[in-house]
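> Just a sequence and a predicted model for now, questions to come.
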Amino acid sequence: MATSETEVTGTDPYGNEMYKALYEEIMFDVGKLASIERSVLVLKPDVPMFIISVKMKAQQAAKTIGDIASTRAERKTVYISIVDETYAPGTLTALWKRYGRERVKQEDRLNIEVAGVEESAEVDVIPVESTEQPIREVIGALWRVMPEGIRNREVISGDNVITAVATEEIMRPEMLKEAQELHDRMVGEAEHV
Amino acid sequence: MYEVIMYDGGIYRSDELFELIEDVGGVVLVKSRSAQMLTVTMSIPAEDRPAVEALCKEIGGQVKAVPLAGTEIAVVGPTLGRHHMPHPICDIAEYLRRCGAITVVMGLARGRGKLTSQINLEEVSVIDEYDACVFMLGNFKSCVEAKADLIRQLDVPTVLVCGPKPDGMDDACSAIVYGIGRKAARMREPADRAKLEEVGRRVEDVLQDKKEALSEDPLFVHPAEIKMLLENYEPLDMCLRPAPLVMHLDGLRAKIPYSEYHEAIENMEVYGRRLGDVCSITPSKINDSSMLIRIKTRSQVAYEDSLRAAKAAPAASAVGPVAEKSVKKKKTPAKKKKTA
């Protein structure tokens, strides 16, 4: 399953092993494991404090209609057939926003017609999600990995690296410092490569 | 002692099976027919099991063991959040159902966190209504050990299921199964199935202890007999909730409102006694839409009878010899019924 490298350090050997499997399984479930280059998990249940740092393989690009659907133009109408169903609601919203409801006709869940458009390329470039969406999905997956009771959370992101630190009660400066150090190390590795 | 087994076979000559169950003093707990196929879950005396098994085989059916039949078990997780559900809590609940138990999955309101987890009195009293409890904790040893206090407050036999082997928790629960921690996938692998079987065996063991304790001071009447009595009671017969009558080792859960129906149920007769005299009927702690019927033991009923007799005696002697005679006359049939 895993195509990325996952390193786990912590005080509980059993927990380390199980959380590595859990992390990879959840990332696989949300479809992000393939786009992760390296992950470091620091698990300290005795404190309790958990840090997960994720280095992505490349800058996450926003999906456009051309990426998730096949399109063809015929007699001033563009016919869109959605291939990736997860983007169906976003596609419809994006089309409504661009052309208005009166020109967009949804035949069924995955087939949409847009009247008054000459070329399909015009529709292909319309984004269906923001560039931040993939990062939000990774952060959401990290919250799923961390124990439920660890509610006090901070995220450091930038340069293709996302680092999340969480604790149960007070987020102490030394916890944030440790997370920042790990984040910087991951960013440094990325730059070095 | 009674044993619960399940017949799985055809309808052919099944009347002979029902006659035999009646002859040996057994009770049919569940009977379900689908076309020509029949499934019968029955409670029979342990010494008559070979005879029943032989007849089942003769009429072309199979006998399956359902060790947890007639029990209701709570499978409890720290919360109902996606961190704890559905795996492996639902897998455990499903496995226990396959063993014949009725299972209920519950989550605590504030069970999450190592330092902040807690269980309140209401949750404790709801869990204590069940025959046994399977309590599921996570992957970190220190967290599991820190949550021992959640389990210590429970009175029902509790099987702790967690990832690492915890230390110092033997007194907190009846049994521990370790090697099942938090998971994000179904327990389909052979190793996972073996762990589920281990959970099933541990639950069976703790319930066996409870059954043996009950057999030392038997219940006044077997829960299955009260089930048969209540099955024909119209509000229960018309109840649309799944399993309106759930058997426990020491009673039943009837899923009809306590406030409306408890008097009618208390006034029903079993072996010539008021049901209210031989059972304690209370509203469920979950809500008012169901009630718990706990059957008193024979010694408890005899003790309460003696208390009643002692109360009645001075009153009768104070009234005078003529009145005393009439009181005695009235009491005689009740005594006869009890002997019967």
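Perfect, thanks for sending it.

> Would you map the helices across chain A?
When assigned using DSSP state H, the helices of chain A occupy the ranges A:13-29, A:65-68, A:88-99, A:120-124, A:133-145, A:173-192.

> Tabulate those (JSON lines), appending mean neighbour count.
In short, each C-beta sits where N, CA and C put it, glycine included. As requested, the helices of chain A are arranged in JSON lines below (neighbours: other Cβ atoms under 10 Å in any protein chain shown):
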{"stretch": "helix A:13-29", "mean neighbour count": "20"}
{"stretch": "helix A:65-68", "mean neighbour count": "19"}
{"stretch": "helix A:88-99", "mean neighbour count": "17"}
{"stretch": "helix A:120-124", "mean neighbour count": "17"}
{"stretch": "helix A:133-145", "mean neighbour count": "18"}
{"stretch": "helix A:173-192", "mean neighbour count": "15"}
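
> Compare these and give me the one nearest chain B.
When these are ranked by distance to chain B, counting by Cβ to the nearest Cβ, first place goes to helix A:13-29 at 4.2 Å.

> Other residues contacting the closest one?
When contacts are taken as Cβ atoms under 8 Å, 6 or more residues apart in numbering or on different chains, the neighbours of helix A:13-29 outside the stretch itself are A:1-2, A:6, A:8-10, A:33, A:36, A:39, A:41, A:43, A:45, A:52, A:141, A:144-145, B:139-141, B:163-164, B:181-185.

> Any of these buried? List them.
Burial by neighbour count, 16 or more other Cβ atoms under 10 Å in any protein chain shown: within the contacts of helix A:13-29 this picks out A:2, A:6, A:8, A:10, A:33, A:36, A:39, A:41, A:43, A:45, A:52, A:141, A:144-145, B:139-141, B:163-164, B:181-185.

> How about A:Gly90: what's its closest non-neighbour residue?
Counting by Cβ to Cβ, 6 or more residues apart in numbering or on different chains, A:Val128 is the residue found nearest to A:Gly90 once chain neighbours are left out, at 4.2 Å.

> My understanding was that that neighbour contacts A:Ile80; is that so?
No - between A:Val128 and A:Ile80 no contact is recorded; they are 10.9 Å apart, counting by Cβ atoms under 8 Å.

> Report the set of residues contacting both of these two.
Contacts common to A:Val128 and A:Ile80, judged by Cβ under 8 Å, 6+ apart, are A:Ile65, A:Thr91.

> Which residues does the one helix or strand B:Met247 maps to contact?
Assigning secondary structure by DSSP states H and E places B:Met247 in strand B:245-248. Contacting residues not belonging to strand B:245-248 are listed as B:29, B:70-72, B:102, B:130-131, B:223-224, B:227, B:230-231, B:236, B:252-255, B:294 [Cβ under 8 Å, 6+ apart].

> ok, now stretch B:15-27?
Contacts of stretch B:15-27 (Cβ under 8 Å, 6+ apart): B:2, B:7, B:28, B:40, B:42-45, B:48, B:51-52, B:55-56, B:59, B:61, B:222, B:224-225, B:227-228.

> can you check stretch A:109-128 too?
A:62-66, A:68, A:71-73, A:76-82, A:85, A:87-88, A:90-92, A:94-95, A:98-99, A:103-107.

> Can you name the residues of chain B sitting close to chain A?
Proximity of chain B to chain A is confined to B:78-79, B:81-84, B:112-117, B:138-143, B:163-164, B:181-185 under the rule Cβ under 8 Å from any Cβ of the partner chain.

> on that earlier part again, burial of the residue nearest to A:Gly90, as a residue count?
A:Val128 is surrounded by 25 other residues when neighbours are defined as other Cβ atoms under 10 Å in any protein chain shown.

> Specify the residue ranges that define each domain of chain A.
A:5-59+A:132-191, A:63-128 (automatic domain parsing).

> which one of the ones you listed lies closest to B:Glu197?
Nearest to B:Glu197 among those is domain A:5-59+A:132-191 (20.6 Å), distances taken as Cβ to Cβ.

> pLDDT (mean, whole number) over that closest one?
If you average the pLDDT over domain A:5-59+A:132-191, you get 90.

> related to what we said a few turns ago, over to the residue nearest to A:Gly90: give its phi and psi.
In terms of degrees, to the nearest 10, the main-chain angles of A:Val128 are phi -110, psi -10.

> Tell me the confidence at it?
86.

> do the same with B:Thr339
In this model, B:Thr339 is scored at 38, pLDDT.

> Kindly report the same for B:Ser299.
94.

> hang on, isn't it packed against B:Asp217?
Yes - distance between B:Ser299 and B:Asp217: 5.3 Å, which falls inside the contact criterion (Cβ under 8 Å).

> and stretch A:25-35, how far from the chain's centre?
Using Cα atoms, centre = their mean, to the nearest Å, we find the averaged C-alpha position of stretch A:25-35 to lie 9 Å away from the chain's own average C-alpha position.

> List, one by one, the residues from chain A near chain B.
Taking Cβ under 8 Å from any Cβ as the criterion, the contact residues of chain A with chain B come out as A:12, A:14-15, A:18-19, A:22, A:25-26, A:29, A:43, A:45-46, A:48, A:144, A:147-151, A:168-169.

> again, only this time at 7 Å
If contact is defined as Cβ under 7 Å from any Cβ of the partner chain, the residues of chain A in contact with chain B are A:12, A:14-15, A:18-19, A:22, A:25-26, A:29, A:45-46, A:48, A:144, A:147-149, A:168-169.

> helix or strand for B:Leu230, which one?
helix B:223-231.

> Could you export the helices of chain A to a markdown table, including columns for distance to B:Asp91?
Formatted as a markdown table, the helices of chain A follow (distance: least, Cβ to Cβ, whole Å):
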| stretch | distance to B:Asp91 |
| --- | --- |
| helix A:13-29 | 15 |
| helix A:65-68 | 34 |
| helix A:88-99 | 32 |
| helix A:120-124 | 45 |
| helix A:133-145 | 19 |
| helix A:173-192 | 35 |
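
> Out of those helices, the one nearest B:Val126 is which?
Of all those, it is helix A:133-145 that lies closest to B:Val126, at 28.2 Å by Cβ to Cβ.

> low-scoring stretches of chain B, by residue?
Counting by pLDDT under 70, chain B shows low-confidence ranges at B:315-340.

> returning to what we had before: the strand holding B:Met247 pairs with which strands, and in what direction?
The strands that strand B:245-248 pairs with in its sheet are strand B:251-254 (antiparallel) (by DSSP bridges).

> Tell me the helix or strand right after the strand it pairs with.
Counting by DSSP H and E, the element that comes right after strand B:251-254 along the chain is helix B:258-266.

> quick one: that following helix to helix B:223-231, angle?
110 degrees (axes from the mean of the first three to the mean of the last three Cα atoms, to 10 degrees).

> what comes up buried for helix B:258-266?
Neighbour counts using 16+ other Cβ under 10 Å place B:Tyr258, B:Tyr261, B:His262, B:Ile265 of helix B:258-266 among the buried residues.

> likewise stretch B:24-40?
For stretch B:24-40, burial by neighbour count (16+ other Cβ under 10 Å) applies to B:Gly26, B:Val27, B:Val28, B:Leu29, B:Val30, B:Leu38, B:Val40.

> got the CA coordinates for it in CSV?
The C-alpha trace of stretch B:24-40 is given here as CSV (Å, rounded to 0.1, in the frame of the first residue of the first chain):
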residue,chain,number,x,y,z
VAL,B,24,-37.7,-32.4,28.6
GLY,B,25,-39.0,-29.2,30.1
GLY,B,26,-37.3,-26.9,27.6
VAL,B,27,-38.5,-23.7,26.0
VAL,B,28,-38.4,-22.4,22.4
LEU,B,29,-36.7,-19.0,22.5
VAL,B,30,-36.9,-18.1,18.9
LYS,B,31,-38.5,-19.8,16.0
SER,B,32,-38.2,-18.6,12.4
ARG,B,33,-39.4,-20.3,9.3
SER,B,34,-38.4,-19.4,5.8
ALA,B,35,-40.2,-21.5,3.1
GLN,B,36,-39.3,-25.1,4.0
MET,B,37,-36.4,-24.2,6.3
LEU,B,38,-36.7,-23.7,10.0
THR,B,39,-34.4,-22.3,12.7
VAL,B,40,-35.3,-22.9,16.3
